[in-house]
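Visitor: sequence plus the predicted model coming up.
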Amino acid sequence: MPVPLTMPLTTPPGPELRVHLLVRDLKRQFAAYLGTPTRARGYPPMEGEHALIVEVAPALAIERVTDLALRAVPGVEPGILFVERQFGVLEVHGASLADVERAGQAILAGLEAKAADQLRPRVLFCDVIEDITDRQAILINRTRGGSMILPGDALLVCEVTPALFTALAANEAERAAPEVTLVDVSMIGAAGRIYLSGQVSAVTAARDAIIAVLAGVEGREHAAEAAR
C-alpha cells in the first residue's frame, strides 16, 4: 500500500503591518464619503469624529485586527472591513479620540508592532489641471464617488501608495481648503487616488497640504526603494 505523504507543519510568519493611520477630526465631505463606498458596510462616521485605518497582509489577518480593536474598546464603531486579494483593511471611528487611540494601541500590541513599522507613503503623481473642459468633466462625473466637478473648475489629481494614505491626504486637503469639492477618493488597492476640484488657489492649497502631511508620516521604506 502506498504510504501517505505528510507535510511538516510550520508556523506562518506574523501579519505585516502596512498602514496604521490615525485621522483626527474628520472633515464634512470626507466623513460623508467614508460612509458611501460599497466596502463601507458598517457604521458611517460623522463630521468631527476620529478614525483609525489599518491595513495588514495577508488579507485574512484583518479579522484578528478587528477582534483586537473591538474587544479592547467596544465603544468604537467599525465602518470599513474589507478582505481583498492581498491586503485586509479595517476602519474604526468614534467621537472620543482617546478611545480610537486605545483601539490602535490594542492592535499594535496584538501584532507585536509599533506604528512606525508601517510603510511610509509615497506620492506617485500629483497634478493641477486648470479650466477642465466640459467633456472631461462628464467623463469624471460618470465614475465619481463624491460630488460633481463642473466645467471650468481646476482639478487636482493625486496618486499615493499605500492606498489608504489617501484618507489622510483627502481629509487634510479639506482642512486646508474647505471650499474645495471632494470628487472622488479611491483608498483601497495597490495605489490610492484623489480627485478634488475648485478654484485654482484652493486646489493648489489642497495640493500643498497633501504633500506636507504625507511627508511627515513616519514609517519604513518600501522594499523596492530600500534595495536601491
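Guide: All right, it came through fine.
Visitor: ranges for the helices of this structure?
Guide: 28-34, 61-72, 97-111, 134-141, 165-176, 200-215, 223-226 (DSSP state H).
Visitor: lowest average confidence, helix or strand, in the protein?
Guide: helix 223-226 (a mean of 56; mean pLDDT, DSSP states H and E).
Visitor: about what we covered before: JSON lines for the helices of the chain, including distance to S147 and mean neighbour count?
Guide: (Each C-beta comes from the backbone N, C-alpha and C, glycine too.) Shown next, in JSON lines, are these (distance: least, Cβ to Cβ, whole Å; neighbours: other Cβ atoms under 10 Å):
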{"stretch": "helix 28-34", "distance to S147": "7", "mean neighbour count": "21"}
{"stretch": "helix 61-72", "distance to S147": "30", "mean neighbour count": "18"}
{"stretch": "helix 97-111", "distance to S147": "27", "mean neighbour count": "19"}
{"stretch": "helix 134-141", "distance to S147": "9", "mean neighbour count": "13"}
{"stretch": "helix 165-176", "distance to S147": "12", "mean neighbour count": "25"}
{"stretch": "helix 200-215", "distance to S147": "14", "mean neighbour count": "18"}
{"stretch": "helix 223-226", "distance to S147": "35", "mean neighbour count": "8"}
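Visitor: nearest to D117, out of those helices?
Guide: Comparing those against D117 with Cβ to Cβ, the closest turns out to be helix 97-111 (8.4 Å).
Visitor: list of residues touching the closest one?
Guide: The contact list for helix 97-111 (Cβ atoms under 8 Å, 6 or more residues apart in numbering) reads 14-15, 17, 20, 22, 24, 50-52, 54, 56, 64-65, 68-73, 75-76, 92-94, 114-115.
Visitor: quick one: distance of that helix to the chain centre.
Guide: Mean-position distance between helix 97-111 and its chain equals 17 Å (Cα atoms, centre = their mean, to the nearest Å).
Visitor: now do that helix against helix 61-72, angle only.
Guide: 130 degrees (axes from the mean of the first three to the mean of the last three Cα atoms, to 10 degrees).
Visitor: for R144, see how far away I53 is.
Guide: Computed with Cβ to Cβ, to the nearest Å, the distance linking I53 and R144 is 21 Å.
Visitor: neighbour count winner among those two?
Guide: The residue with more neighbours, out of I53 and R144, is I53; 24 against 17, by other Cβ atoms under 10 Å.
Visitor: tell me the contacts of G198?
Guide: Here G198 is in contact with 153-154, 177, 179-181, 206 (criterion: Cβ under 8 Å, 6+ apart).
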